[in-house]
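Peer 1: Sequence and predicted structure are below.
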Amino acid sequence: MRSLNINNDTNGNFLSSSIIRIALVEDDVIFQNALVTAIQAEPDMRLLSMASTRAQGLLAINQVEVDVLLVDLGLPDGSGIDVIRAAHSKSNCSIMVSTAFGDEQNVMQSIEAGAAGYLLKDSTPEKMVFEIRSLHAGGSPISPLIARKILTRFRQDKSPIVDPDEQRTTLSAREQEVLEYITKGFTSNEIAALIAVSHHTVLTYIRRIYAKLEVNSKAEAIHEARNQGLLEK
């Protein structure tokens, strides 16, 4: 099948800003037809491009500017992940996978390539239309089975490799403020007056700072904070 430009204006200039511009890369004719029909029935959506192969999909993302890209993974001439990666690198469109592949490898590779949503083809066209709106609004639609796989993957990964040089303690804005006052020599009572909180609250902030920095005194806190780049040396 050939790449099809549904709209004569490939830039979509005449469309209202409320219109969701969509590109579809899908080789399953039955699913493709059902989804096209559902999209064309929605007044706030326009299908600007339709492709059925990897090559056509890569060509389409260079020809039209869209808001949402729907991509199947199992294309006749390669993987839809290549289309996802290319689209993510060149445009700001939101990308959603629509596929029959629910294995962990395809899921994780799609997300790493730039997909923000992942739906299995057991979703109805009506459900897909709903999820297109959700994706365009900033959501990340994911089929329950896929969400479970992602959660399982992170639970099993109990020993992530972390570069010690990149480890940094994260302080809240208020904790950072208290730390800076400590560095300048202010007492806890003085800090309480300066930031308009109780003395007890300041002591709570100090305990949190010590715990995060894994220290037991003001001097140690200042030294460790400087080592971690939280304070100017």
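Peer 2: Looks like it came in fine. Residues are numbered from 1 along each chain as shown.
Peer 1: Show the average pLDDT along stretch 221-233.
Peer 2: Stretch 221-233 shows a mean pLDDT of 85.
Peer 1: Sort out which residues of it are buried, please.
Peer 2: 221-222, 224-225, 230-231 (16 or more other Cβ atoms under 10 Å). Yep, even glycine has a C-beta here, placed from its N, CA and C like the rest.
Peer 1: Over to stretch 81-91?
Peer 2: Buried residues in stretch 81-91, counting neighbours by 16+ other Cβ under 10 Å, are found at 81-88, 91.
Peer 1: of the residues you listed, closest to Ser18?
Peer 2: Ser91 (19.6 Å; Cβ to Cβ).
Peer 1: How about the contacts made by that closest one?
Peer 2: Residues near Ser91 by Cβ atoms under 8 Å, 6 or more residues apart in numbering: 61, 65-66.
Peer 1: What about those residues, which are in helices?
Peer 2: Of those, the ones assigned to helices by DSSP state H are Ile61.
Peer 1: And the contacts of stretch 26-44?
Peer 2: Stretch 26-44 is touched from outside by 1, 18-20, 22, 24, 45, 47, 50-53, 70-72, 74-76, 98, 121, 125-126, 128-129, 132-133, with contacts defined as Cβ under 8 Å, 6+ apart.
Peer 1: any idea of the mean pLDDT for that stretch?
Peer 2: The model assigns stretch 26-44 a mean pLDDT of 93.
Peer 1: what about this structure, any weak spots by pLDDT?
Peer 2: Scanning the chain for pLDDT under 70 picks out the ranges 1-17, 156-168, 233.
Peer 1: Helices of that one, residue ranges please.
Peer 2: Under DSSP H, the chain gives helices at 29-40, 54-63, 80-90, 104-113, 125-136, 144-156, 173-183, 188-195, 199-213, 218-227.
Peer 1: Outline the domain layout of this structure.
Peer 2: Domain assignment for the chain, taken from automatic domain parsing, gives 4-156, 164-227.
Peer 1: Please identify the deepest-packed of these.
Peer 2: Each of those was scored by mean neighbour count; the highest is domain 4-156, a mean of 18, by mean count of other Cβ atoms under 10 Å.
Peer 1: Quick one: residues contacting the residue nearest to Thr183 when sequence neighbours are not counted.
Peer 2: Excluding the flanking residues, the one nearest Thr183 by Cβ to Cβ, 6 or more residues apart in numbering is Ile222, at 5.3 Å. Applying Cβ under 8 Å, 6+ apart, one finds that Ile222 lies in contact with 179, 182-183, 231.
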